[in-house]
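**Q** turn this into a structure:
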Amino acid sequence: MKKSLKERLAILSDAAKYDASCASSGTEKRNSSMSGGLGSTEGSGICHAYAPDGRCISLLKILLTNFCIYDCAYCINRSSSNVERARFTPEEVVWLTLEFYRRNYIEGLFLSSGIIRSSDHTMEEMVRIARELRTTHNFRGYIHLKSIPEASAKLVEEAGLYADRLSLNIELPTDKGIAHLAPEKKPSGIRRAMGELRLKIEEAGEPTLRSKSRKRFAPAGQSTQMIVGADGANDATILGTSARLYGSYGLKRVYYSAFSPIPDSSKNLPLIKPPLMREHRLYQADWLYRFYGFGIEEITATRQDGMLDLDLDPKLAWALGHRADFPVDVNKADRERLLRVPGLGTKTVKAILSGRRFRRLRLEDLARLGVSIKKVQSFIAAEGWTPRRLLDRSDLRAMFEPQPQQLTLL
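**A** Model prediction:
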């Protein structure tokens, strides 16, 4: 019996929850109210995500199909899985996107898919959807396509003409893990495709000699997703892989996805589900590497096993292990030193550097900036304040650890 559109939407939107990355930040500004057409990449809007600037955005996040010819052990939609299957036609995805937008439910489309028939066939249908939205319906909202590494370069290039962002999944942090859990996928092929995509994005960003204008090709760049916890790699290995990806392929973002063991899996996979807190700590550490000047070795050296501390955020864990670097004087220290103080973010540091030009800052001034005084007071010196012996306390770590909670019996 053929499933209704509503039933298929329920299946394929639920299946898409395993695909990370929804942010539409970084793309060019387009608005139909200014130039005609339909949709916008701006504003705030059934996937809710937050851009780096804090703006909430909403996208229709679905799979074209959860049928797949691959049998990756960590994937719920692998060919040997007994999940309920469904599939959209390209025309149905176009219609759903337009109707959801007209009802003010979404700002754009996040489209991924299982592999059906072949990589090229699947990629061709995804490109067709993006092309129809842009050229036939003049849709100006955000489009993110999950590209397929094995697809032809011509199809990926065409996808970049219509999509704001393309992503190619690195899958796992190590080649050994991919060979064991996803033998049909080739790490060298994934990296090659990511490299080719970077070259196309950079080429489009160069102004032409005649008009000085730039070509439009995936203006929001490329991102990738990494499964965390399926192959046993520690956090130092995961973050090291991310650092190499940022450096080699100019990625806008690496997304981490905590692995959940699949009950009917016949593969030799870890039996313990890693906590979502681990995923959260990886994002925090990734942020420190990209925006705070920390090295991966610094972030992951707090424990001998290469794992991040789940009880404390990575910056606080680092600070507790480097007490000799503190206190930092908020009225004298440079930006780099201030960024290493737990509780001080990039915006706060900018405000401190600006404010201290006019007066010497006190703890009350930091409180007015929204700083948690409880968190920073052990690591800073300010006008009228020194941490005295706080930094030497043997129980300093205990002051920041979460308090134990009584488990309920019901």
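
**Q** domain parsing for this protein?
**A** Following automatic domain parsing, one finds the domains of the chain at 5-218, 316-400.

**Q** gap between the two ends of the shortest one?
**A** Right, domain 316-400. By Cα to Cα, to the nearest Å, the extent of domain 316-400 from end to end equals 9 Å.

**Q** so for that domain, mean pLDDT?
**A** The predicted model assigns domain 316-400 a mean pLDDT of 95.

**Q** the first one now?
**A** Within the predicted structure, the mean pLDDT of domain 5-218 is 85.

**Q** re the thing from before, now, of the domains of the chain, which is deepest in the fold?
**A** Mean neighbour counts were compared across those using mean count of other Cβ atoms under 10 Å; the top stretch is domain 5-218, at a mean of 18. For the C-beta atoms, the positions are set from N, CA and C on the backbone; glycine is no exception.

**Q** got a list of what residue 298 touches?
**A** Listed by Cβ atoms under 8 Å, 6 or more residues apart in numbering, the contact set of residue 298 reads residue 318.

**Q** tell me the phi and psi of it?
**A** With angles defined as degrees, to the nearest 10, residue 298 shows backbone torsions of phi -60, psi -40.

**Q** again with residue 329
**A** Residue torsions, per degrees, to the nearest 10, at residue 329 are phi -80, psi 110.

**Q** which residues sit in contact with the residue lying closest to it once chain neighbours are set aside?
**A** Counting by Cβ to Cβ, 6 or more residues apart in numbering, residue 329 lies nearest to residue 381, which is 4.5 Å off, once chain neighbours are set aside. Residue 381 makes contacts with 327, 328, 329, 330, 387, as judged by Cβ under 8 Å, 6+ apart.

**Q** check the offset of the helix or strand harbouring residue 381 from the chain's centre.
**A** Following DSSP states H and E, the helix or strand that holds residue 381 is strand 380-381. In terms of Cα atoms, centre = their mean, to the nearest Å, the centre of strand 380-381 is found 33 Å from the chain centre.

**Q** list the neighbouring strands of that strand plus their orientation.
**A** Using DSSP bridges, strand 380-381 pairs in its sheet with strand 328-329 (parallel).

**Q** residues in contact with the partner strand?
**A** Strand 328-329 is contacted from outside by 337, 338, 340, 341, 379, 380, 381, 382, using Cβ under 8 Å, 6+ apart.

**Q** among the residues you listed, list the two that are farthest apart in space.
**A** The largest separation in those, counting by Cβ to Cβ, is between 340 and 382 at 16.1 Å.

**Q** re earlier: between the contacts of strand 328-329, which sits nearest residue 76?
**A** Proximity to residue 76 was ranked across the contacts of strand 328-329 by Cβ to Cβ; first place goes to residue 340, at 40.2 Å.

**Q** which parts of the stretch 201-350 of the chain are helices?
**A** 235-249, 276-291, 296-300, 314-321, 335-338, 346-355 (DSSP state H, counting those that start in this stretch).

**Q** what's the closest of the ones you listed to residue 197?
**A** Closest of the helices of the stretch 201-350 of the chain to residue 197 is helix 235-249, at 7.6 Å (criterion: Cβ to Cβ).

**Q** what angle separates that closest one from helix 276-291?
**A** On the basis of axes from the mean of the first three to the mean of the last three Cα atoms, to 10 degrees, helix 235-249 is oriented at 40 degrees to helix 276-291.

**Q** tell me what angle helix 235-249 forms with helix 314-321.
**A** In terms of direction (the same axes, to 10 degrees), helix 235-249 departs from helix 314-321 by 120 degrees.

**Q** so which residues make contact with helix 235-249?
**A** Helix 235-249 is touched from outside by 170, 173-174, 191, 194-195, 197-198, 222, 224, 226, 228, 251, 254, 256, 278, 281-282, 285-286, 289-290, 296-297, 299-300, 306-308, with contacts defined as Cβ under 8 Å, 6+ apart.

**Q** do the same with stretch 175-188
**A** Surrounding stretch 175-188, the residues in contact under the criterion Cβ under 8 Å, 6+ apart are 70-75, 149, 170-172, 230-233, 267, 269.

**Q** just the element for residue 59, please.
**A** Assigned by DSSP H and E, residue 59 belongs to strand 56-63.

**Q** strands paired with that strand, and their directions?
**A** strand 47-50 (antiparallel), strand 108-112 (parallel).

**Q** can you dump the C-alpha atoms of the last one in CSV for me?
**A** Pointing back at strand 108-112 there. Output of strand 108-112 as CSV, limited to C-alpha atoms (Å, rounded to 0.1, in the frame of the first residue of the first chain):
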residue,chain,number,x,y,z
GLY,A,108,14.7,27.3,3.4
LEU,A,109,15.6,23.7,2.7
PHE,A,110,18.1,21.3,4.1
LEU,A,111,18.1,18.2,1.8
SER,A,112,20.0,15.0,2.3
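
**Q** need the contact partners of the helix or strand just after that strand.
**A** Secondary structure here is assigned by DSSP H and E; on that basis, the next helix or strand after strand 108-112 toward the C-terminus is helix 119-131. The list of residues contacting helix 119-131 from outside it, by Cβ under 8 Å, 6+ apart, reads 64, 90, 93-94, 109, 111, 113-116, 143, 145-152, 155-156, 158-159, 162-163.
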